[in-house]
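S.K.: here is a sequence with its predicted model. Questions after.
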Amino acid sequence: MTVSRDAESASGAVGSSSTGRHRSPNVIVALCFAALICDGYDLVVYGATVPSLLGYERWGLTAMEVGAIGSLTLVGMLIGALASGAATGRFGPRRLFLGSMVWFATAMGLCALAPSPEVFGILRFIGGLGLGGFVPVSVALIIEFSPPSRRQLNNALSCCGYCLGGIAAAVAGIVLLPDLGFRWMYALCLLPLVTVFPLALRYLPESPAYLMSRGRVEDADAIAHDFGVERIHRASNESSGSDSASMRALLKPAHRRAATLFTVAAFCGLLITYGISTWLPQIMKQAGYSLGSSLMFLLVLNAGAMVGVLIASTLADRLGSRKVNATVLLLAAVSILMLSFRMPLPMLYVFVAIAGLGTIGTQILIMGYVGTVFSGTLRAPAIGLTIGIGRAGAVVGPIIGGWIAASTLGYQWNFYTFSVFAVIGMGAILLVSVGTSRRGGNRDAHESVRSAMAPN
């Protein structure tokens, strides 16, 4: 259903001209931050437990089998992300956010009771379906409710929850694995059901863009008024009321080039992110470090991503996302390549931290960039399509790591391979067209308006 121009004008006036007090978008940022802690933990916990899984004699897993199991989660995430566009159009971002959280937390928590590696892998795949649908809708909500000058920063602040979840997985591994084993690590995945979910159920608002696409103008106006959402966030005409309309619009010439290039960049970024996250502890064990030291590298990787992405996102709001994304991918290529060399431990930690920005941080920045180039009801489907197809890289990354671990090649070849993909991703980002405004935040916003106004 298409909202008339008069209805859009009236609803826009409510959100932009009211002088009353508004609720802060920090509510959405905080909820997404807390939820993404759980998301990050559920993903990174697998990398933290890889050495324990390889040493679990009852299952007798090989390196190739562990790599394949790690990829099952990412196959699920690929499917979940691709389905998120249609699911968002049908159910709305709020319900998809809540449903995905229950889905992935339950499935990942049940991994603690898995009687066999086959059941364990199936549960990780099922959990991946929920994780894949969760991230695009979270980023879309943050971008929609944030002022243009803080979109990248607010997205980075919330997505730092993912990095904190990765840090929590590394810390939990250091504390729990030596005495309690890997099952307790997965039992902790159930915590969001009794912590974050009740808060999100009460405080998370529905997307005004979604409500307007359903003809619920008054409801959209009320939420827009509460949060001070500007007209640009809601004045999109891209939805025809069908669940797949926005997905079809992404394949039109006006959007196809950007969507394709973002997908290539996401593929490369996710390949190096999950390849490194899954195998870094084991690679460092092969390099002669103890289990505790190897898990420390995983902690530093996520800490570097969390600190680095806050700085990079602030620069993206000021200078433009294209330049910052390309620079970060270049840093990824250089830092990952440097990990192949022997060096003093403090210096090695520095390069691991930079690699964290270039791998995990890159995904946060790319999602934020997509969210500013595409607007309205195109935003969540665009993020879902880009990250969804890009998830193929996330599937390939752990498999590459497992193949190299099982081969006669040295562990250094992981770093050589991942560096090449970082360079390819940088090239894709550099080919994305940008707007003409001088200031970065306005440049991304103008690109978003241009996407929203493009004919379908």
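M.R.: Thanks, I have it. Owing to the predicted nature of the structure, the values given are computational and were not obtained by experimental measurement. Residues are numbered from 1 along each chain as shown.
S.K.: assign a three-state SS to L299, would you?
M.R.: Using DSSP: H, G, I helix; E, B strand; the rest coil, the three-state assignment for L299 comes out as helix.
S.K.: can you start the count at 48 instead of 1 from here on
M.R.: Sure, I'll start numbering at 48, so the last one becomes L346.
S.K.: hang on, isn't it packed against V218?
M.R.: Yes - contact between L346 and V218 holds when scored by CB atoms under 8 Å: they sit 6.6 Å apart. For every residue, glycine as well, the C-beta is placed using N, CA and C.
S.K.: more crowded one of those two?
M.R.: Shown here are L346 and V218; by other CB atoms under 10 Å, L346 has more neighbours (22 against 15).
S.K.: show me what contacts the more buried one?
M.R.: Taking CB atoms under 8 Å, 6 or more residues apart in numbering, we find L346 in contact with 213-214, 217-218, 221.
S.K.: what's the answer for L384, then?
M.R.: Contacts for L384 (CB under 8 Å, 6+ apart) come out as 462-463, 466.
S.K.: same thing but 10 Å
M.R.: The neighbourhood of L384, defined by CB atoms under 10 Å, 6 or more residues apart in numbering, consists of 398, 402, 459, 462-463, 465-467, 469-470.
S.K.: how deep is V74 tucked in, by neighbour count?
M.R.: Using other CB under 10 Å, V74 has 16 neighbouring residues.
S.K.: how far away is the nearest residue to it once chain neighbours are set aside from L121?
M.R.: Spatial nearest neighbour of V74, excluding adjacent residues (CB to CB, 6 or more residues apart in numbering): Y250 at 5.8 Å. Distance from Y250 to L121, counting by CB to CB, to the nearest Å: 31 Å.
S.K.: picking that back up, in helices, which of the contacts of L384 appear?
M.R.: Where the contacts of L384 overlap with helices, as defined by DSSP state H, the overlap consists of 398, 402, 459, 462-463, 465-467, 469-470.
S.K.: between these, which is nearest A115?
M.R.: Of all these, A115 sits closest to F465, with 18.8 Å by CB to CB.
S.K.: burial measure for the closest one, as a count.
M.R.: Other residues lying near F465 total 28 when counted by other CB under 10 Å.
S.K.: top of the contacts of L384 by neighbour count?
M.R.: When neighbours are counted by other CB under 10 Å, A402 leads the contacts of L384 with 34 neighbours.
S.K.: that one and A469 touch, don't they?
M.R.: Yes - with contact defined as CB atoms under 10 Å, A402 counts as touching A469 (9.4 Å).
S.K.: tell me, what's touching these two both at once?
M.R.: Both A402 and A469 are in contact with 319, 378-384, where contact means CB under 10 Å, 6+ apart.
S.K.: got any ranges where the stretch 348-497 of the chain has weak pLDDT?
M.R.: 422-424, 452, 454-455, 457-458, 480-497 (pLDDT under 70).
S.K.: brain fart, the stretch 48-197 of the chain
M.R.: Scanning the stretch 48-197 of the chain for pLDDT under 70 picks out the ranges 48-69.
S.K.: residue ranges for the strands of it, please.
M.R.: With DSSP state E, counting those that start in this stretch as the criterion, the stretch 48-197 of the chain has no strands.
S.K.: many thanks, we can stop here.
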